[in-house]
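In: Got a sequence here, can you build the structure:
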Amino acid sequence: MRPNGRFAFWSVWAVFAFGFLLCRWTLFDSVFYNVDEAEYAVAAQALSHHMLPGLDLVGSTKPPGIVFFYKAIFALAGESVLALQVVGFALWILLLALTMKLTERLFPEIPLWMPALSFFLLANSFGPPRDFQALNVELPGIVLVISSYLLVMGERTPRRVILAGVLFGFAVMFRQSLALFLLPMWFLFRPADRNKYVRLGTGIAVPWVLLTIIYAAHGGLSWAYDSWVRFPMLYAGDTGLFGFFEAVRYSTRSVFLQAFVPFTLTAIGIGFAIKRRYVAVLVMTVCATLAVASGSRFFEHYYIQAFPAFALLGAIAIWQLKQISTLLNRLTGAFLAVGAIMALLHFPFWRYWDTSAPLRGISMESIDLNGLEIELAEFATQQCTPDERIYVWGYCPQIYFHSKRLPAARDYLCEYVTGFSPFSTSPRPYARPDAMQMLLDDLARNRPAVIFDLSADEYYEYSFAKYPIVNYPPLADYIKANYRPAAVVDQVAVYTRAN
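Out: Numbering: from 1, shown residues only. Sure thing, here's the model as predicted:
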């Protein structure tokens, strides 16, 4: 038992939680920091109308855990974007506590401030807010993973083991790559008899069995497979081999230059972990690295999956370095001070060092960095009743969310019909050969009151300039026959129903 026990733990946690607040305070803003948030928010709105993600709305590469989570937040706080950020911040400081507790269980001799500082530096030293202020799938997913680890490392009653499995099953429901963390659990779970493994496996299966029953009842199992297995594999592969290694090179360079202190500690920690044969930590690190790489694009928010493992390694490095010599102890302290200063400056001064940062109140994912998507959403609310639908030709779910109008097509991100994939270096003509007919059937059935065509805007980060509607004759003919031009708003063509 450490001196002062729980007080020591929570006092250290409180200091670094306050540090998180200092770093993130200026970022709380009622805007989408990441287009993924808008995608999940639209799907959460659609749940209220009994539309299931992956079946009635397709194009997302993630299982539906995040959509159900967003729906729960909206049920409690209203459809508030700011509420998403508040919940995200709570998850960050919860993950801080879980990482400290994991270190305490594995290495009780390591002072608690070491994993806390290591985690704090990793979470606040690199990347734009679109990756760490946004509530994306990795954060709640890894919180569930580490929670399940702590359960199997404690008293292994049947109830706790089953609960650990259930939490892990829900974690994979947020992001498929989190399934890789099952291997480290096996090392943390040892020794265990067969009955305990059966209980753990049963717990993991429970959420997925329930989900399967729900989708089977709606005749959606084939679409669920397409949405959560086939299409994500297509998405991960469309960077091509060259694009994959280009993303590795660019991301590694960018991340290390911004966060060289915590990543240097992680690298040093790997050396000590190998030397001292900390097998569970090494396995966790390998699985975390594979999870980061699995999306092929190496976006900064992918790294969240690795933060607990990397923080463990950083804590090991600090602990070992400070014991080698007085000089190395002082140099390590100075190195950590540099990292802490950089972390405290990174996000609070984001709008000063990032030339692409928009003004407060404007989303980083805005079409024109001036809130055009909100203007278009307001036009939609004026032109149609709440029970009518709209359709956006382009990758801009924000319009659906802000207008509170449902998408008129299952392919609401236009990925299936065009093959569009953000930051792809190996584009394809379509994601499904029947995508165009599916789109036309949906439009004919739902008869959207308004159609927005974003393809003329070539400066939007997710530009559809390569996908003008005239390149899709069946769609162009349908719009010509059933809609009339209503307006052009900053290069966005707007069509309203002719009758």
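
In: doesn't Leu167 make contact with Ser148?
Out: Yes. Using C-beta atoms under 8 Å, Ser148 makes contact with Leu167 at a distance of 4.2 Å. Placement of C-beta: from N, CA and C, glycine included.

In: what about these two, which has more around it?
Out: Neighbours were counted for Ser148 and for Leu167 using other C-beta atoms under 10 Å; Ser148 has more, 27 against 21.

In: Show the secondary-structure elements that the helix or strand harbouring that one is packed against.
Out: For Ser148, the element it lies in under DSSP states H and E is helix 138-153. Helices and strands touching helix 138-153, by 3 or more C-beta pairs under 8 Å, 6 or more residues apart in numbering; DSSP states H and E, are helix 65-77, helix 81-106, helix 158-172, helix 182-189, helix 307-324.

In: wait, what's in contact with Gln45?
Out: Contact analysis of Gln45 by C-beta atoms under 8 Å, 6 or more residues apart in numbering lists 74, 79, 400-401, 404, 406.

In: So this protein: which segments form each domain?
Out: With domains defined by automatic domain parsing, the chain comprises 5-352, 372-497.

In: what stretches of the chain score poorly on pLDDT?
Out: Low-confidence segments of the chain (pLDDT under 70): 1-4, 425-426.

In: tell me the centre residue of it?
Out: Per C-alpha atoms, centre = their mean, the C-alpha nearest to the average position across the chain is that of Asn136, at 2.7 Å.

In: Just to be sure, that one is in a strand?
Out: No. Asn136 is assigned coil when assessed by DSSP: H, G, I helix; E, B strand; the rest coil, not a strand.

In: could you measure it against Ala179, distance?
Out: Look at Asn136 and Ala179: by C-beta to C-beta, to the nearest Å, they are 18 Å apart.

In: ok, which stretches of the protein are strands?
Out: 390-393, 450-453, 483-489, 492-497 (DSSP state E).

In: so of these, which one's packed in deepest?
Out: strand 390-393 (a mean of 27; mean count of other C-beta atoms under 10 Å).

In: which residues are contacting it?
Out: So strand 390-393 is contacted by 380, 384, 399-400, 403, 405-409, 412, 414, 443, 448-455, 464, 467, 469, 475 (C-beta under 8 Å, 6+ apart).

In: Check stretch 188-204 too.
Out: Defining contact as C-beta under 8 Å, 6+ apart, one finds that stretch 188-204 is touched by 149, 152-153, 156, 158, 161-169, 172, 182, 185, 280.

In: if we go to 7 Å?
Out: Stretch 188-204 has contacts (C-beta atoms under 7 Å, 6 or more residues apart in numbering) with 149, 152-153, 156, 158, 161-166, 168-169, 280.

In: Over to stretch 119-130?
Out: Residues outside stretch 119-130 that contact it (C-beta under 7 Å, 6+ apart): 16, 19-20, 23, 27, 33-34, 92, 96, 99, 132, 255, 258-259, 261-262, 300, 307, 310-311, 339, 342-343, 346-347, 350, 354, 364.

In: How about stretch 280-287?
Out: By C-beta under 7 Å, 6+ apart, stretch 280-287 touches 106, 180-181, 183-184, 187-188, 270, 273-274, 309, 312-313.

In: again, 10 Å this time
Out: When contacts are defined by C-beta atoms under 10 Å, 6 or more residues apart in numbering, stretch 280-287 is touched by residues 102-103, 106-107, 145-146, 149, 153, 177-190, 266, 269-270, 272-274, 278, 305-306, 308-310, 312-313, 315-316.

In: Just the buried residues of those residues.
Out: With neighbours counted by 16 or more other C-beta atoms under 10 Å, these contain buried members at 102-103, 106-107, 145-146, 149, 153, 177-182, 184-185, 188-189, 266, 269-270, 272-273, 278, 305-306, 308-310, 312-313, 315-316.

In: Count the residues that sit near Trp223.
Out: Neighbourhood size, Trp223 [other C-beta under 10 Å]: 18.

In: Please name the residues that touch it.
Out: Counting by C-beta under 10 Å, 6+ apart, Trp223 has contacts 52, 54-56, 58, 215, 231, 410.

In: Sort out which one of those residues lies nearest Ile324 for me.
Out: In terms of C-beta to C-beta, no member of the contacts of Trp223 lies closer to Ile324 than Phe231, at 50.4 Å.

In: The closest one is in contact with Pro63, isn't it?
Out: No. With contact defined as C-beta atoms under 10 Å, Phe231 does not reach Pro63; the gap is 11.5 Å.

In: More neighbours: which of the two?
Out: Pro63 (27 against 22).

In: Against Leu344, how distant is Ala337?
Out: Ala337 is 11 Å from Leu344, where distance means C-beta to C-beta.

In: count of neighbours near the residue nearest to Trp113 when sequence neighbours are not counted?
Out: Sequence neighbours aside, Val12 is the residue nearest to Trp113 in space, at 5.3 Å (criterion: C-beta to C-beta, 6 or more residues apart in numbering). Per other C-beta under 10 Å, the neighbour tally for Val12 reads 20.
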